[in-house]
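Novice: structure, please.
(one chain, ligands or ions: 1)
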Amino acid sequence: MGKQRLYLFDTTLRDGAQTSGVDFTLADKLAIAGMLDELGIDYIEGGYPGANPTDTELFGTPRKFNATFTAFGMTRRPGRSASNDPGLAAVLEAKTDAICLVAKTWDYHVRIALETTKEENLASIRDSVRAAQARRREVLLDCEHFFDGYKSNPKYALACAKAAHDAGARWVVLCDTNGGTLPNEVEKIVGEVVKVVPGDHIGIHAHNDTEQAVANSFAAVHAGARQIQGTLNGLGERCGNANLVSIIPTLKLKPEFAGFEIGVSDAQLKKLVHVSHALDERLNRASNRHAPYVGESAFATKAGIHASAIMKDPATYEHVTPESVGNKRKVLVSEQAGKSNILAELERIGIKANKDDPRIARLLEVVKEREAIGYAYEAADASFEMLARRMLGTVPNYFDVTQFDVNVEQRNNAKGERVTVSMAVVKVKVGDENLISAAEGNGPVNALDQALRKDLGKYQKYIEGLKLTDYRVRILNAGTEAVTRVLIESEDETSDHWTTIGVSSNIIDASFQALMDSIVYKLVKSGAPA
Ligand SMILES: [Zn+2]
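Specialist: Residues are numbered from 1 along each chain as shown. Have a look, this model is predicted:
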């Protein structure tokens, strides 16, 4: 028996743009659409042409996507004809392959929000779908509040869905707009809808207000729906939308869904981690370490006995292979670490070591000593690697910082405004060469970072693509003294990420340690010669 096709519809650029703190530019939208297309998503909803300048421009920009590019808009307003509604006209004018129109399907909303009759709302659905069809667009009808509507008046909610389908909509999308519906309810209600509209014309659009948007999407598929709508990283208003980044691998990798086929190939699935992290970067957010499948901790193991079992056979503690989604296995080096954790981590980063080598026992001791004073190597993979490589004697001494000086000054600028300026001067010895760099920054750590990376002589070309993407500070109480722990996340031109750590009673010193580890890590990674 052939596999059944399931379609994926992404609304990151429309519903995802409702996330508080998210404001996509035109360049953001084009870049994200490009990533979605590369991932193999069937439909990309670009936004709301006519409603805001960015979206109008987006639809005016030439695009070349495999995905069906979709414009979003509203069905005609009550009391107007489809040809005399400026909002609908703007959507119909947009250069796009498909149009998704939203309509009310909850009788209560029809009465209170639209202030119209149920009949007029049905007529609006029919007219709007036909108008979009007449423009030779593929038409989707989003049934707003469908599940709440069904609970209030099942006959009317079904009539709305049927009206859209009968008028020629390719897809009737059932929206859990308030996000409060539970999976068993979704399955039951979708089961009723497919008696009226065939399942291969039904889509599900779930919001995550009970953290079950992904489960609700699968419940709808079980009941017969064949299109899933969602966003990258579950972006969306309030608690977000169904997370496609969790839905895609589940559909691809779980035997439960082996009877289905989606547009994402095995090779495209391997880009999932990259796509998820690239979106966070665009949004200037730290990625969720604990995100299923793609988080940095999704395949990380801490306890000693698990680590030794994982080394024998990874399947013992993993539900899918990390490589399938482009992630990496990680064995955490932590306070409880045994030798097996250390050995597993060394193996992962490509350092050959013999378990009876006395340096391994010494490394374990040093890790424990340092963790006792505030270091957290499980959160700083690159610093662990640097420590291990140094102890095993494989890090060249590329350069020495012989002196640095950071100063913070508050004064009046030329315009007479009070400003705080930071400046750093760094003296570096590279081979026989003595170099001095100075830089200003928006804070002392930023100035130090700028100065450090300004001139490393013959090594400069290896760190050109290095940038800091996150900087986190925590004050810890170690014994009687407060110490500062700094974690720095860096990235390079290959989109590789790593985290380094520094601990000191002085925040500048802690930052300096983490910065140095990051630079040296990058030099090692780039194969810079000693
Ligand atoms: Zn929504």
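Novice: and E409, how many residues sit next to it?
Specialist: 9 (other Cβ atoms under 10 Å). All C-beta spots, glycine's among them, are computed from the backbone N, C-alpha and C.
Novice: how about K95?
Specialist: Close neighbours of K95, defined as other Cβ under 10 Å, add up to 12.
Novice: can you check the one 5 residues further on too?
Specialist: Neighbours of C100 under the rule other Cβ under 10 Å: 28.
Novice: tell me the secondary structure at the residue nearest to it when sequence neighbours are not counted.
Specialist: Spatial nearest neighbour of C100, chain neighbours left out: L140 (4.1 Å); criterion: Cβ to Cβ, 6 or more residues apart in numbering. When classified by DSSP: H, G, I helix; E, B strand; the rest coil, L140 comes out as strand.
Novice: point out where the protein drops to low pLDDT.
Specialist: Scanning the chain for pLDDT under 70 picks out 1, 302-307, 331-337, 478-480.
Novice: list the helices and strands the lengthiest helix in the chain packs on?
Specialist: If you go by DSSP state H, the chain has its longest helix at helix 507-525. Other helices and strands packing on helix 507-525, by 3 or more Cβ pairs under 8 Å, 6 or more residues apart in numbering; DSSP states H and E, are helix 381-391, strand 400-412, helix 444-452, helix 460-463, strand 467-478, strand 481-491, strand 497-504.
Novice: same thing but 10 Å
Specialist: For helix 507-525, the packing partners by 3 or more Cβ pairs under 10 Å, 6 or more residues apart in numbering; DSSP states H and E come out as helix 381-391, strand 400-412, strand 418-430, helix 444-452, helix 460-463, strand 467-478, strand 481-491, strand 497-504.
Novice: save the ones you listed as CSV, and put in distance to V273 too.
Specialist: As requested, these are arranged in CSV below (distance: least, Cβ to Cβ, whole Å):
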stretch, distance to V273
helix 381-391, 15
strand 400-412, 34
strand 418-430, 35
helix 444-452, 27
helix 460-463, 24
strand 467-478, 15
strand 481-491, 14
strand 497-504, 10
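Novice: for V221, find the nearest of these.
Specialist: Closest to V221 of these is strand 497-504 (Cβ to Cβ; 33.3 Å).
Novice: the closest one to strand 467-478, inter-axis angle?
Specialist: Relative orientation of strand 497-504 and strand 467-478, computed by axes from the mean of the first three to the mean of the last three Cα atoms, to 10 degrees: 40 degrees.
Novice: tell me the strands beside strand 497-504, with direction?
Specialist: Applying DSSP bridges, strand 497-504 is found paired with strand 481-491 (antiparallel).
Novice: now the strand it pairs with, how far from the centre of its chain.
Specialist: Distance, stretch centre to chain centre, for strand 481-491: 24 Å (Cα atoms, centre = their mean, to the nearest Å).
Novice: mind listing what's buried along that strand?
Specialist: Neighbour-count burial for strand 481-491, counted by 16 or more other Cβ atoms under 10 Å, picks out V483, T484, R485, V486, L487, I488, E489, S490, E491.
Novice: ok, stretch 394-409 next?
Specialist: Buried residues in stretch 394-409, counted by 16+ other Cβ under 10 Å: V395, Y398, F399, F404, V406.
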